[in-house]
Every structure is written in structure tokens, then in C-alpha cells.
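> My questions are about this predicted structure, shown below with the sequence.
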Amino acid sequence: MPLVNLNELFDPTRERRAVGLFNVAGLEFAEAMIEVAEELNTPIILGVPERFFQFSRLENVVRLCVDMAERARVPVAVHLDHGKSFDNILRALRNGVSSVMFDGSSLPYEENVARTAEIVRIAHTMGVSVEGELGYVGRGDFDPTDPSFYTNPEQAADFVAKTGVDALAIAVGTAHGIYKTTPKLDFERLKSIRQKVDVALVLHGGSGVSDEDFQKAIACGIDKINVFTEISVSVIKTVSEATSNCSDWIRVTGEMRRTIANVVRHYMTVFNTGLDHDCDL
Ligand SMILES: [Zn+2]
């Protein structure tokens, strides 16, 4: 099965379900994720987070994922997640990713447009898809009552037209990390963005959102959902429990892989049934 970009994963007739992006933080993560995707015969996106490069070389992580994707039995996209550095995006492209995210969400709007459009021009010559971000998917400081945190539907349409992105990460009430209170998704806003924008819509900060809300979000137009915190929390719990009575790291990695597979299997199953639900507003 070839390595694919995001456009090959999203059916424009929207008959497919949302595709999950799961962040890779080591060999066992990528292996467990592809294994579950094959078991469920479901496409998957391996997310390589830019902040991981503080600890591991970009070339090593990207090439490992690309090689595994090329040998998988289901379509796999390898996507640079939250790329903020132009250099890292070019290095990821050179090493074979099929998709990149340029996260210019903290920049002034016009600068976000200009820089995203430049990346789109470069990536598209290589057949690589690009995800942009508009609105602010915060970490901890998210204020659900402040409209400036949310994506404006008119601005989303303008952003897509001016940049040519293939996918757009939108802010409709989710945040990265662990939620202090249960997230409340703004489905009305999501539906309005969906009506104005015809590229894939992406939900970040998926950990902590209820299964019902995911399914409703998919029915309202979400095509891709990013999940990492839930995997991270479960892995840390498994490793701390396992290492309290075991000093064999190989055995611990086995338990870690099982945990990653269980979390990914749960989310993939939920994402695969999203379109069976209603976007009842
Ligand atoms: Zn994100």
C-alpha cells in the first residue's frame, strides 16, 4: 500500500469516516498504530510532532515512519504535526513526508496567510498536502467564553481561498492537553465553517472529548481528528505500573505497545462510526 497524502485519504463525497492522526513518540508507537489500522482495515495518519525533534533527529523519525507506511497494508499518511519552523518543514519534505502542517495560528492573520501560501506552493510541487491552522487551539489557557479563541467562518473561507491548503485545523472549543472542565464543542460554528469551506476540516485536542461529541462533530463535517494526550497519559500510567515490579525494559515496551494499540483501537472505532450519527442542530 503506498504512502498517501491527505487528499487521497479524504473522499470528497464524504462517504468515508473521519481519519485519526495519532502522534508518534517512538518506534513502538508507529508499530502499534499501523498494526491496529491493518486490523481494522482503516487508513491512518502518523503524526510526527515538531516538538519531538528536541529529543530525536527529524531524519530518523520521519524515515522510520515513511518506511513503515510504505510497507503497510492500509493507506498511511506521514504528516509533520504543528510545523512552525520553515527549516523543519523543508527537512521533512526532503525526507519523504506525504503531508505537513504549518501552524501559523499565533501569527497575525496576513502573515499566517502569506507563510502558509508559500509552504503550499513548495509542498504541492512535491505532491505533499498541507494543513493550515486558523483560530487558537490552546494549551491550558483556552477560554471558552472568549470568541477570539474560535475560528471565524468567513475568515476560514478567505484563508482557504488565499492559501490553497488541503486541510484546515479549526478552533471550535477543543484545546491541547488535559482539560480542566469537560470541553463544549461549538457545533453551530463547525457547521457554518463546513458550509463555507470545502477542504478537509481538522479537530485538534481530541483527548477528553466524549465519543458522542466526536461522532456528532464528524456528522457536522470534521474529516480528521488529532489525538495524543490520551495515548501519552495511558502510556505513562502503564510504564509506571510496569516498572514498579519489573526491570526488563523489553517486557515493559511490550505492555506499552498493547496500551497504545488499545487507545488507538478505541478512537478508530469511534471515528469509523461518526457518519452514522446526526448533526442535529
Ligand atoms: Zn494539535
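Yep, that arrived. Numbers count the residues shown, from 1 in each chain.

> can we go C-alpha only for contacts and neighbour counts from here?
OK.

> who are the neighbours in contact with Ala92?
Counting by C-alpha atoms under 8 Å, 6 or more residues apart in numbering, Ala92 makes contact with 58-59, 62, 80, 100.

> Show me those that map onto strands.
Where those overlap with strands, as defined by DSSP state E, the overlap consists of 80, 100.

> Can I get the contacts of Ala92 in TSV including distance to Leu93, pLDDT and neighbour count?
TSV is the format used below for the contacts of Ala92 (distance: C-alpha to C-alpha, whole Å; pLDDT from 0 to 100; neighbours: other C-alpha atoms under 10 Å):
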residue	distance to Leu93	pLDDT	neighbour count
Leu58	11	97	20
Glu59	10	97	15
Val62	9	98	25
Leu80	9	98	27
Val100	8	98	29
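
> of all the contacts of Ala92, which comes closest to Ala32?
Of all the contacts of Ala92, the one with the least separation from Ala32 (C-alpha to C-alpha) is Val62, at 16.4 Å.

> Please report how far the closest residue to Ala32 other than its chain neighbours lies from Glu39.
Among residues not flanking Ala32 along the chain, Ala261 sits closest, at 5.2 Å (C-alpha to C-alpha, 6 or more residues apart in numbering). Ala261 sits 10 Å away from Glu39 when distances are taken as C-alpha to C-alpha, to the nearest Å.

> Please enumerate the helices of this protein.
Under the criterion DSSP state H, the chain contains helices at 6-9, 27-40, 58-70, 86-94, 109-125, 153-163, 187-196, 211-219, 229-243, 249-272.

> re the thing from before, if you count what's nearby, which of Ala261 and Glu39 comes out ahead?
In terms of neighbours (other C-alpha atoms under 10 Å), Ala261 is the more surrounded of Ala261 and Glu39; the figures are 22 against 12.

> can you tell me which residues contact the more buried one?
Neighbouring residues of Ala261 by C-alpha under 8 Å, 6+ apart: 32-33, 35-36.

> if we can go back for a sec, could you work out the most separated pair of the contacts of Ala92?
Across the contacts of Ala92, no pair lies farther apart than Glu59 and Val100, at 14.6 Å, counting by C-alpha to C-alpha.

> re the thing from before, dump the contacts of Ala92 into TSV; add distance to Val48 as well.
Formatted as TSV, the entries for the contacts of Ala92 read as follows, by distance: C-alpha to C-alpha, whole Å:
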residue	distance to Val48
Leu58	9
Glu59	11
Val62	7
Leu80	5
Val100	9
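
> Kindly indicate which of the contacts of Ala92 lies nearest Ile231.
Each of the contacts of Ala92 was checked against Ile231 using C-alpha to C-alpha; the closest is Leu80, at 18.1 Å.

> which residues does the closest one bridge with?
Taking DSSP bridges as the rule, Leu80 bridges to Val48, Val100.

> Number the residues from 283 up from this point.
All right, first residue 283 from here; so that's Leu362.

> so it touches Phe334, yeah?
No - under the criterion of C-alpha atoms under 8 Å, Leu362 makes no contact with Phe334, lying 10.5 Å away.

> Could you identify which of the helices of the chain is most buried?
Across those, averaging neighbours per residue (mean count of other C-alpha atoms under 10 Å) puts helix 493-501 on top, at a mean of 21.

> Turn the helices of the chain into JSON lines, including distance to Gly329.
Converted to JSON lines, the helices of the chain look like this (distance: least, C-alpha to C-alpha, whole Å):
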{"stretch": "helix 288-291", "distance to Gly329": "12"}
{"stretch": "helix 309-322", "distance to Gly329": "9"}
{"stretch": "helix 340-352", "distance to Gly329": "9"}
{"stretch": "helix 368-376", "distance to Gly329": "12"}
{"stretch": "helix 391-407", "distance to Gly329": "17"}
{"stretch": "helix 435-445", "distance to Gly329": "22"}
{"stretch": "helix 469-478", "distance to Gly329": "23"}
{"stretch": "helix 493-501", "distance to Gly329": "19"}
{"stretch": "helix 511-525", "distance to Gly329": "13"}
{"stretch": "helix 531-554", "distance to Gly329": "13"}
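
> How about the contacts made by the closest residue to Asn323 other than its chain neighbours?
In space, and not counting its chain neighbours, Asn323 is closest to Val356: 6.3 Å by C-alpha to C-alpha, 6+ apart. Shown here is Val356, whose contacts under the criterion C-alpha under 8 Å, 6+ apart are 283, 319-320, 323-326.
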